[in-house]
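Novice: for reference, the sequence and a predicted model appear below.
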Amino acid sequence: MSSASPVTPLPPAVPAECRELATAAGRLSLYSAGPEGAGAGLPPLLLVHSVNAAASAAEVAPLFAHYRQRRAVYALDLPGFGCSERTDRPYTVRLMTDALQAALRAIQAEQAGVAVDVLAVSLACEFAARAAVETPQLMRRLALVSPTGFSGKRRRYGAPGAAVGPPWLFQLLSWRLWSAGLYNTLTRPAVIRYFLQRTWGSSAIDEALWRYDLLTTRQPGAQFAPLAFVSAQLFCADINTLYEALTGPVWVSMATRGDFTDYQGRHTVAGRGNWQFHALAGGALPFFEDLAGFTDRLDPFWA
């Protein structure tokens with residue numbers, strides 16, 4: 001991000017209380033809301049946005065608005081995104097998983113110790129899977145929206161905790177001579193629109209999300225985590241090992257339009273009783289297009 005760029009303060013990603021959590025993964029931003037009283041008897045729900053150059057909790061805003069009417073719902077800004085800490089530090093699979101586990105512990109502590117339901121989007125599904133395997137006592141049920149790790153013919157059974165991208169690639173992309181230019185190119189308004197259109201598989205993107213993306217990419221320190229993403233430092237080399245190790249209930253929505261429609265690798269878990277897959281018409285964020293249709297398919301899983 002250019003130091004000459006004017007900075008507009010980042011508004012909340014969702015209209016709700018936002019608190020800061022001081023954790024080993026740094027300062028985290030956690031939104032929360034819920035109905036008056038005890039709700040519908042369902043445990044709390046944590047929503048986790050995807051990872052890209054313009055990611056934030058705004059990507060789960062429709063689900064947050066829907067579920068706050070019926071249960072305690074939370075939305076996390078992952079490290080390096082939204083209102084969470086964006087300092088210059090290593091952004092790794094471990095950091096993201098630690099942040100998710102810290103949020104789950106904080107939620108569990110204020111919700112009578114019950115395990116939390118989690119919905120994660122795209123690459124965040126990999127962090128959620130690792131958290132579920134490492135700390136199953138924190139998580140009750142897991143919903144994965146357009147998860148990574150199932151595309152292509154090759155599966156990932158690499159070293160535990162390793163990243164897909166080699167360290168030299170991150171060092172190359174983050175070299176100060178061109179890192180700012182690379183990030184500025186990735187976050188130009190037309191480029192953000194282009195990638196959202198590929199996510200939607202349509203030009204009919206959510207304009208409010210696009211506007212928020214513009215703001216969040218222009219915050220101080222916004223370039224650090226995206227460069228780790230682009231250099232594949234946040235993709236788990238062992239994700240298929242993790243998916244196959246999940247023993248709790250898992251619900252998956254698969255996009256039918258756009259760049260995220262390849263789930264041929266699901267055969268490694270699709271026959272297991274705890275997994276269920278649903279092809280939902282639309283792009284990789286189908287709840288922006290048909291919220292009622294999405295939640296009608298998902299809600300029986302929570303119940």
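Specialist: All right, it came through fine.

Novice: so residue 47 belongs to a strand, correct?
Specialist: Yes - assigned with DSSP: H, G, I helix; E, B strand; the rest coil, residue 47 falls within a strand.

Novice: just give the nearest non-adjacent residue to it, would you?
Specialist: Counting by CB to CB, 6 or more residues apart in numbering, residue 47 lies nearest to residue 60, which is 4.0 Å off, once chain neighbours are set aside. Any C-beta I mention is one placed from the backbone N, CA and C, and that applies to glycine too.

Novice: okay, now the one you found: neighbour count?
Specialist: 29 (other CB atoms under 10 Å).

Novice: list the contacts for it?
Specialist: Applying CB atoms under 8 Å, 6 or more residues apart in numbering, one finds that residue 60 lies in contact with 14, 47, 48, 49, 75, 119, 121.

Novice: could you rerun that using 7 Å?
Specialist: 47, 49, 75, 121 (CB atoms under 7 Å, 6 or more residues apart in numbering).

Novice: quick one, phi/psi of the second one?
Specialist: When quoted as degrees, to the nearest 10, the phi and psi of residue 49 stand at phi -70, psi 170.

Novice: circling back to that earlier point, so the residue nearest to residue 47 versus residue 173, what's the distance?
Specialist: 28 Å (CB to CB, to the nearest Å).

Novice: and for residue 24?
Specialist: Taking CB to CB, one finds residue 24 at 26 Å from residue 173.

Novice: can you check residue 192 too?
Specialist: 18 Å.

Novice: more neighbours, these two?
Specialist: More crowded of residue 192 and residue 173, by other CB under 10 Å: residue 192, with 21 against 18.

Novice: what residues are up against that one?
Specialist: Applying CB under 7 Å, 6+ apart, the residues near residue 192 are 54, 210, 213, 214.

Novice: any chance of these in TSV, with pLDDT, neighbour count and secondary structure too?
Specialist: Output for these, formatted as TSV (pLDDT from 0 to 100; neighbours: other CB atoms under 10 Å; DSSP: H, G, I helix; E, B strand; the rest coil):
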residue	pLDDT	neighbour count	secondary structure
54	97	25	coil
210	98	16	helix
213	98	25	helix
214	97	16	helix
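
Novice: can you pick out the most distant pair from the residues you listed?
Specialist: Farthest pair in the contacts of residue 192 (CB to CB) is 54 and 210. Separation: 8.7 Å.

Novice: just to revisit the earlier point, so which two of the contacts of residue 60 are the farthest from each other?
Specialist: Going by CB to CB, the pair spanning the contacts of residue 60 furthest: 75 and 121, at 10.9 Å.

Novice: of those two, who's got more company?
Specialist: Between residue 75 and residue 121, counting by other CB under 10 Å, residue 75 is the more crowded of the two (32 against 26).

Novice: in a strand, the more buried one, correct?
Specialist: Yes - the assignment for residue 75 is a strand, going by three-state DSSP.

Novice: check contacts around it.
Specialist: 13, 14, 31, 47, 57, 60, 64.

Novice: report the buried residues of stretch 202-209.
Specialist: Of all the residues in stretch 202-209, those buried under the rule 16 or more other CB atoms under 10 Å are 205, 206, 209.

Novice: for that stretch, give me every contacting residue.
Specialist: Contacts for stretch 202-209 (CB under 7 Å, 6+ apart): 58, 59, 193, 196, 197, 257, 283, 288.

Novice: dump that stretch to CSV, keeping only the CA atoms.
Specialist: Extracted in CSV, the C-alpha atoms of stretch 202-209 (Å, rounded to 0.1, in the frame of the first residue of the first chain):
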residue,chain,number,x,y,z
SER,A,202,-21.2,-13.6,-12.7
SER,A,203,-20.9,-9.8,-13.0
ALA,A,204,-23.8,-9.5,-10.4
ILE,A,205,-21.5,-9.2,-7.4
ASP,A,206,-22.5,-7.8,-4.0
GLU,A,207,-21.6,-4.1,-4.4
ALA,A,208,-21.5,-3.4,-0.6
LEU,A,209,-18.9,-6.1,-0.2
